[in-house]
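Chemist: next come a sequence and a model predicted from it.
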Amino acid sequence: MKGKYIVIIAALCGLIASGVGLITNIAGLFFTPIAEELGLLRGAVSMNVTIGNLCFAAGGMMSPRVMKEKNMKTMLMVMTAVIAGSTALLAACGSVFMMYILNGLRGFASGIIGFVFVTIVINHWFFKSNALVTSIAMGFSGLAGAVFSPVMSSVISSAGWRTAYIVSAVLMVVLNLPAIFFLPSIDPYVKGQKPYGEKSDSGRTVKKTGKAAPINKPLVAMLCVYAVCGAASTSITQHFPGVAANAGLDAAVGAAMLSVCMLVNTGGKIVLGALVDKIGARLSMSIYTVLVFIGVLMMLIVPSGTVMLVSAACIGLTYALATVGSVTLTKEVFGMDNYGRTYPTINMCGTMCSAAFSSIIGFIYDATGGYTVTLSVIMALMVTAFAIITFVFTKAVKK
C-alpha cells in the first residue's frame with residue numbers, strides 16, 4: 001500500500017478518534033466532578049451523552065447533503081471549529097442547560113464528519129481491503145477512549161474538569177488536522193487517481209455509471225432492525241459492574257469485564273474487517289453473532305469469575321457487529337450508488353437506540369431486580385440479527 005493511502009487511513013482514523021473517542025467514550029469521566037461542583041444529579045449530567053448521541057445521529061443524516069467535493073476542506077475546518085469550540089466552551093459552563101446545548105452542537109458537527117462521511121470516503125478510495133480499512137477506522141473510537149481515558153482522568157484529578165475540557169478541545173483539533181490538510185478528496189477520480197487495489201476503470205464498483213437503482217424500503221427497514229440489534233446489545237457493557245455485583249462477584253471482576261470488553265471492542269472490529277475480506281461477510285458476521293449469543297448465555301447460566309471474563313470478551317464483539325457490520329450489510333444490499341442514501345438512516349437508528357437502551361436496561365433492573373430479562377433480550381436480538389444476515393445474503397444480495 002502506497003504512502004498516500006496510508007495517510008488517508010490515518011486522517012480518517014483521526015476524525016473517528018476525535019468525534020467519537022474524545023466525546024462519547026471518555027464522557028463518563030466528567031459525570032462525577034461536574035455533578036459535585038454544580039450540585040447536580042449524575043442522571044442530569046449523563047443526559048449530555050444522550051443529547052450528544054441523538055445530535056450525532058442527526059448530523060450523520062445530513063452528512064451526504066453538506067459534505068460535497070467542492071466544499072470538503074471548508075466543511076472539515078468549520079466542523080472541527082464547532083467541535084473544538086463547543087468543547088472549550090464547556091469549560092466555562094455553570095449551567096447544565098448550557099451544557100446540553102453545547103453537547104448538542106458538538107454532537108451534530110461530529111456526526112457530519114463522523115461514521116457516514118468516513119465510510120463514504122473509504123468506499124471510494126479503497127477497492128481492495130475495504131472492510132479491513134473500515135474496521136481500522138471504526139476501531140479508533142475505542143482505541144482513543146482507551147488511550148485518552150487515563151490522560152483525561154489525570155488532568156481532572158490534578159487540574160479539574162474545566163481544564164480537561166480545554167485539553168480535549170486541543171486534542172480534537174490535532175486529531176482532525178491530518179484530514180484537513182492531507183485528505184485529497186471524497187472521490188479519487190476527482191484528483192485523477194484510482195482507488196487502492198483497482199487496476200482498471202472497468203473493475204470499479206464505486207463509480208456511478210448511471211441512475212441509482214430504486215431503494216427497497218422494506219430492506220432498509222430490515223437493516224435498521226439489524227442496526228438496532230447491534231447497538232442495543234452494546235449497551236449492556238456499561239452495566240458489567242452491576243452484572244458482576246448482581247451475581248455476587250467482587251467489584252474487581254466487573255472492572256476486569258469492562259476492560260476486556262473494551263480491548264475486544266477495538267480488536268474485534270479489525271478482525272471482523274479482515275475476515276470479511278478473507279472469507280466473506282455472511283460467514284464472518286454469522287460467526288460473530290453466534291459468539292455473542294454464546295457469551296450472553298454463559299453469563300446467564302454460569303456466573304463465575306473466569307466465565308464472566310470470557311463472556312465479556314464475546315459480548316465485546318457486538319461493537320463490531322454494530323459498526324462494521326452495519327456498513328458491510330448496507331454496501332452488500334444497496335451497493336455504492338445508494339450507500340449515501342441508505343446508510344445515514346440505518347446509522348441513525350442504531351445510534352438513537354444506543355442512546356436510549358442503556359437507560360432501558362436500568363429500568364428493567366429496577367423492575368425485576370436483576371439482569372436476567374436484559375440478557376435474555378440480548379440473546380433474542382442476536383437471533384434476530386443472525387436471521388437478518390441469513391435472509392440478506394440468501395435473498396437480497398446478488399452475487
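Modeler: Right, received. Where do you want to start? Numbers count the residues shown, from 1 in each chain.

Chemist: CA atoms for contacts and neighbours, from now on please.
Modeler: Will do.

Chemist: how about stretch 296-307: buried residues?
Modeler: With burial defined by 16 or more other CA atoms under 10 Å, the residues of stretch 296-307 counted as buried are 296, 297, 298, 299, 300, 303, 305.

Chemist: stretch 349-368 too?
Modeler: Residues of stretch 349-368 classed as buried under the neighbour-count rule (16+ other CA under 10 Å) are 349-358, 361-362, 365.

Chemist: stretch 31-51 too?
Modeler: For stretch 31-51, the neighbour count (16+ other CA under 10 Å) marks 31, 33-35, 40, 42, 45-51 as buried.

Chemist: got a list of contacts for it?
Modeler: Outside of stretch 31-51, the residues that reach it under the criterion CA atoms under 8 Å, 6 or more residues apart in numbering are 24, 27-28, 94-96, 99-100, 103-104, 107, 160-161, 355-356.

Chemist: narrow the residues you listed to just the buried residues.
Modeler: Buried by 16+ other CA under 10 Å: 24, 27, 96, 99, 100, 103, 104, 107, 160, 161, 355, 356, out of these.

Chemist: how close does the most centrally placed residue in the chain sit to residue 269?
Modeler: The geometric centre of the chain, computed from its C-alpha atoms, lies nearest to residue 323 (CA atoms, centre = their mean), at 5.5 Å. Distance check for residue 323 against residue 269: by CA to CA, to the nearest Å, it reads 8 Å.

Chemist: cool, and residue 315?
Modeler: The gap separating residue 315 from residue 269 is 13 Å, by CA to CA.

Chemist: again with residue 262
Modeler: Spatial separation of residue 262 from residue 269 under the definition CA to CA is 11 Å.

Chemist: what helix or strand is the closest residue to residue 27 other than its chain neighbours on?
Modeler: For residue 27, ignoring the flanking residues on the chain, the nearest one in space by CA to CA, 6 or more residues apart in numbering is residue 49 at 7.0 Å. Element membership of residue 49 [criterion: DSSP states H and E] is helix 42-66.

Chemist: for residue 34, same thing?
Modeler: helix 28-38.

Chemist: may I have that helix as PDB, with CA atoms only?
Modeler: Only the C-alpha atoms of helix 28-38 are listed here, as PDB (Å, rounded to 0.1, in the frame of the first residue of the first chain):
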ATOM      1  CA  GLY A  28     -18.200   9.200  32.000                       C
ATOM      2  CA  LEU A  29     -15.000  10.700  33.500                       C
ATOM      3  CA  PHE A  30     -16.700  14.000  33.700                       C
ATOM      4  CA  PHE A  31     -20.000  12.900  35.300                       C
ATOM      5  CA  THR A  32     -19.000  12.900  39.000                       C
ATOM      6  CA  PRO A  33     -16.800  16.100  39.100                       C
ATOM      7  CA  ILE A  34     -19.400  18.100  37.200                       C
ATOM      8  CA  ALA A  35     -22.200  16.800  39.400                       C
ATOM      9  CA  GLU A  36     -20.300  17.600  42.600                       C
ATOM     10  CA  GLU A  37     -19.200  21.100  41.600                       C
ATOM     11  CA  LEU A  38     -22.500  22.200  40.200                       C
END
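
Chemist: for that helix, give the mean pLDDT please.
Modeler: For helix 28-38, the per-residue pLDDT values average out at 85.

Chemist: same check on stretch 137-156?
Modeler: Regarding stretch 137-156, the rounded mean pLDDT is 86.

Chemist: and the residue nearest to the centre of the chain, what does it touch?
Modeler: With contacts defined as CA under 8 Å, 6+ apart, the neighbours of residue 323 are residue 138.

Chemist: for it, helix, strand, or coil?
Modeler: For residue 323, the assignment made with DSSP: H, G, I helix; E, B strand; the rest coil gives helix.

Chemist: confidence score at it?
Modeler: In this prediction, residue 323 has a pLDDT value of 90.

Chemist: what about the stretch 101-250 of the chain, any weak spots by pLDDT?
Modeler: Regions of the stretch 101-250 of the chain meeting the criterion pLDDT under 70 cover residues 199-212.

Chemist: and the strands in it?
Modeler: Along the stretch 101-250 of the chain, counting by DSSP state E, counting those that start in this stretch, no stretch forms strands.

Chemist: which parts of it are helices?
Modeler: 115-125, 130-159, 161-182, 217-234, 240-246 (DSSP state H, counting those that start in this stretch).

Chemist: quick check: angle from the third one to helix 28-38?
Modeler: The reference is to helix 161-182. Taking axes from the mean of the first three to the mean of the last three CA atoms, to 10 degrees, one finds that helix 161-182 is oriented at 140 degrees with respect to helix 28-38.

Chemist: list the buried residues for helix 161-182?
Modeler: Under the neighbour-count criterion of 16+ other CA under 10 Å, helix 161-182 has 161-169, 171-173, 175-180 buried.

Chemist: and the second one, by the same measure?
Modeler: By neighbour count, with 16+ other CA under 10 Å as the criterion, the buried positions of helix 130-159 are 130-146, 148-149, 152-153, 155-156.
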